[in-house]
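**Q** sharing a model prediction with you, sequence too.
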Amino acid sequence: MSGDLAVVFDVAGTMLEMYRVAKEISKDGLMKGVVTMELVMEGGRRALVIPQLHPEEILGAPPQMPLGAFFRGREGNVMVSCSRLPVSDDEALSVLLRSGAVVANLQEALAEVCARCPGFYYTSGLIVDVEAGEVTHAISTGGRPFPSLEAVLSELEAMGAEIYVASGDSMRSLSVLTKCWGIKRERIYPASRPRQKGEIVEELKNEYRMVVMVGDGLNDQYALKAADLGVLTVQQDTRPPMELFEAADEVIDDIGGLPGLVRGRLLEMVG
């Protein structure tokens, strides 16, 4: 019945097949096919910052403008998406405002993704190292829906599920979910950090008989543990660590298998 079931999705790597590139600030060239969380985990207090900015605003900036100058006046657009250890928005912003790394690093990564994934979904970010006081990488990702996603959403909704999204990406990037599949904006939680995702699931458990979490990355670990049914997807093949397998109740290699798992769990509850 409607209102009995909520399904919470991560986006990048879960709903969308992603193409990711990184530009290490201290080196030439791009790193392709990266796993963003692996770069974040390399440092003690590294954090992924997702600027809440349109790609055109980044691409239109002078390439040699320092990041510190670029973000001055845009401080409210800086949000930490995830970190290995706690890092606040203000700490990350302080690093960015002092950074002499130039916008061209971010533009190079973004241009590569725009060329590879035209016209659907883009997001950009920066990895800051609070301990070192520097920006280490510029990150950009683009994505397309996994082939079976639309059918999965339709089948879940036919089962009475209400669809939610908890993602580390910006609302600007996530607005495509409303445009393409009608997911209500008030059910989209942007810039969600790992523990926040878990809190979102816990809150929904007070409103729904059953809450399902679907994710593919380390930032989904708390939410997978908190859910009545935690589903880890490995369709993106992002080399998930053992902690994720331990947090999940089920593992699938195609999002198309999700409705069957949910239906089976509902039947167990009725039985």
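**A** Right, received. Where do you want to start?

**Q** neighbouring strands - and their directions - for the strand ranked longest in the chain?
**A** When the chain is scanned for its longest strand (criterion: DSSP state E), the result is strand 134-145. When sheet partners are counted by DSSP bridges, strand 134-145 sits next to strand 16-24 (antiparallel), strand 121-129 (antiparallel).

**Q** now mean pLDDT and distance to Ile255 too, for the ones you listed, in JSON lines please.
**A** Backbone N, C-alpha and C define where each C-beta goes, glycine included. What follows is the strands paired with strand 134-145, written out as JSON lines (pLDDT from 0 to 100; distance: least, C-beta to C-beta, whole Å):
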{"stretch": "strand 16-24", "mean pLDDT": "93", "distance to Ile255": "10"}
{"stretch": "strand 121-129", "mean pLDDT": "91", "distance to Ile255": "16"}
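
**Q** quick one, which of those strands is nearest to Glu155?
**A** Using C-beta to C-beta as the measure, strand 16-24 is the one of the strands paired with strand 134-145 that comes nearest Glu155, at 18.2 Å.

**Q** next SSE after that closest one?
**A** Heading C-terminal from strand 16-24, the first helix or strand you meet, by DSSP states H and E, is strand 31-32.

**Q** averaged pLDDT, that following strand. What do you get?
**A** Averaged across strand 31-32, pLDDT comes to 93.

**Q** now swap in stretch 241-255 and tell me
**A** 94.

**Q** and Met242, backbone torsions?
**A** Backbone dihedrals for Met242, given as degrees, to the nearest 10, come out at phi -60, psi -30.

**Q** how near is Arg46 to Asp237?
**A** Taking C-beta to C-beta, to the nearest Å as the measure, Arg46 and Asp237 are separated by 23 Å.

**Q** domain assignment for this structure?
**A** According to automatic domain parsing, the chain comprises the domains 5-15+145-270, 18-143.

**Q** so can I have a markdown table of these showing mean neighbour count?
**A** Output for the domains of the chain, formatted as a markdown table (neighbours: other C-beta atoms under 10 Å):
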| stretch | mean neighbour count |
| --- | --- |
| domain 5-15+145-270 | 19 |
| domain 18-143 | 18 |
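
**Q** which stretches of the stretch 101-250 of the chain form helices?
**A** Using DSSP state H, counting those that start in this stretch, the helices assigned to the stretch 101-250 of the chain run over residues 104-116, 149-158, 171-181, 194-205, 221-226, 242-247.
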